[in-house]
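**Q** Pasting the sequence and the predicted coordinates here, then a few questions.
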Amino acid sequence: MSDAWLVDEKTRDNRSKIFIFSVANVAISDVSSEIVFNLKNIKSGTISSCKIKCSSTDFDFDLFSKTGQTYPSPYQIFRIEENNLEGSGADIDGTFINFDNPQEAKIYGVITNNDGINATGVIYITLEIYY
């Protein structure tokens, strides 16, 4: 398990925040260890968008509300499949609460790099959350 580094945090209004995280490289044809996203004091809410930038040409991103999960899971918030190069993203409606401990403001991610040529390099993940 590794922590995602919080690069930037912006409050859009009194109900939403944008978090920008960076995650270490995922090797060619490999799966990341579980990534912990610390959402500060947001213990539950709805993720309305997710944008990802990295060097891989083919990767999947799964986000869960409980630690130790793999796709598919009843604790899955959302899955973005077969992202292609920089700027992949999706508008989503993923409601979450931490099922390990509802008092913790954490969610968990896994990145699968399916690319046989490119490692991901540093990955930047932007989450917009309404709470």
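**A** That came through, no problem.
**Q** Report the helix or strand with the lowest average pLDDT across this protein.
**A** strand 88-97 (a mean of 79; mean pLDDT, DSSP states H and E).
**Q** Quickly run through the sheet partners of it, with directions.
**A** Within its sheet, strand 88-97 is paired with strand 44-53 (antiparallel), according to DSSP bridges.
**Q** how many neighbours does Ala27 have?
**A** For Ala27, the number of neighbouring residues by other C-beta atoms under 10 Å comes to 12. All C-beta atoms are positioned from the backbone trio N, CA, C, and that covers glycine.
**Q** what's the answer for Ile129, then?
**A** Ile129, neighbours per other C-beta under 10 Å, totals 21.
**Q** ditto for Ile125
**A** Neighbours of Ile125 under the rule other C-beta under 10 Å: 23.
**Q** Kindly report the same for Ser29.
**A** When neighbours are defined as other C-beta under 10 Å, Ser29 has 13 of them.
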